[in-house]
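Student: Show me the folded form of this:
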Amino acid sequence: MKIVKYILVVLLVALVVIQFIRPETNDSGYESITFFEQETKPSAEVASILKKNCYDCHSNHTQYPWYAQMAPFSFWLDDHIEHGKGHFNAAAWESYSLKKKDHKMEELVEMVEAGEMPLDSYTWIHGDLTEAEQQMLLEWAGLVRLQYQTQMEVSSK
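Tutor: Have a look, this model is predicted:
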């Protein structure tokens, strides 16, 4: 029984100590998304969907929930954000080639159609996309892809 108490005390001390270790925050502001929105021209409704469901993990600005201040949740969220930005980062849009932009929009379409985005762990707290929101997002992404494909055809001639 002493060993169980010892293990519990060690775990409690570790939990307290880990609270002082913070991952870097991802909060450079919505201005980091300006180029992406200017180029892709989402409607007000689509911009709202992106802000509510995408930018927290796919930009350089995250609106952190209250539990993000507590370890180990802070590390879990940081991992999700870094992973999400690695796949699609609206704040880095300006540095992408036309081909990469088209590919990122293609991936967005595939992930939304498959129901893989937003992640279940995100929707449990923040809510999921409605069918109407999914349709608006997919239509917008399709138009953006068409724009990039046209630009690539013109530039290849």
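Student: backbone phi and psi for the closest residue in space to Ser155 that isn't next to it in sequence, please?
Tutor: Once flanking residues are discounted, Ser155 sits nearest to Leu98: 7.1 Å by C-beta to C-beta, 6 or more residues apart in numbering. (C-beta placed from N, C-alpha, C; glycine too.) Backbone geometry at Leu98, expressed as degrees, to the nearest 10, gives phi -60, psi -40.
Student: which residues of the chain score low on pLDDT?
Tutor: In the predicted model, the chain carries pLDDT under 70 at residues 14-18, 20-23, 25-31, 68, 123-126.
Student: What's the biggest helix in it, counting residues?
Tutor: helix 131-156 (DSSP state H).
Student: just to revisit the earlier point, which ones are touching the residue nearest to Ser155?
Tutor: The neighbours of Leu98, taking C-beta atoms under 8 Å, 6 or more residues apart in numbering as the test, are Tyr148, Gln151, Met152, Ser155.
Student: Count the neighbours of the second one for me.
Tutor: This means Gln151. Using other C-beta atoms under 10 Å, Gln151 has 13 neighbouring residues.
Student: now swap in Met70 and tell me
Tutor: Other residues close to Met70 by other C-beta under 10 Å number 11.
Student: can you check Gln135 too?
Tutor: Gln135 has 12 nearby residues by other C-beta under 10 Å.
Student: now swap in the one 10 residues further on and tell me
Tutor: The burial metric for Arg145, expressed as a neighbour count using other C-beta under 10 Å, is 18.
Student: was I right about it contacting Lys99?
Tutor: No - using C-beta atoms under 8 Å, Arg145 is not in contact with Lys99, being 11.4 Å away.
Student: So what angle separates the directions of the helix or strand encompassing Val109 and helix 131-156?
Tutor: Assigned by DSSP states H and E, Val109 falls within helix 98-113. Put simply, helix 98-113 runs at 160 degrees to helix 131-156, going by axes from the mean of the first three to the mean of the last three C-alpha atoms, to 10 degrees.
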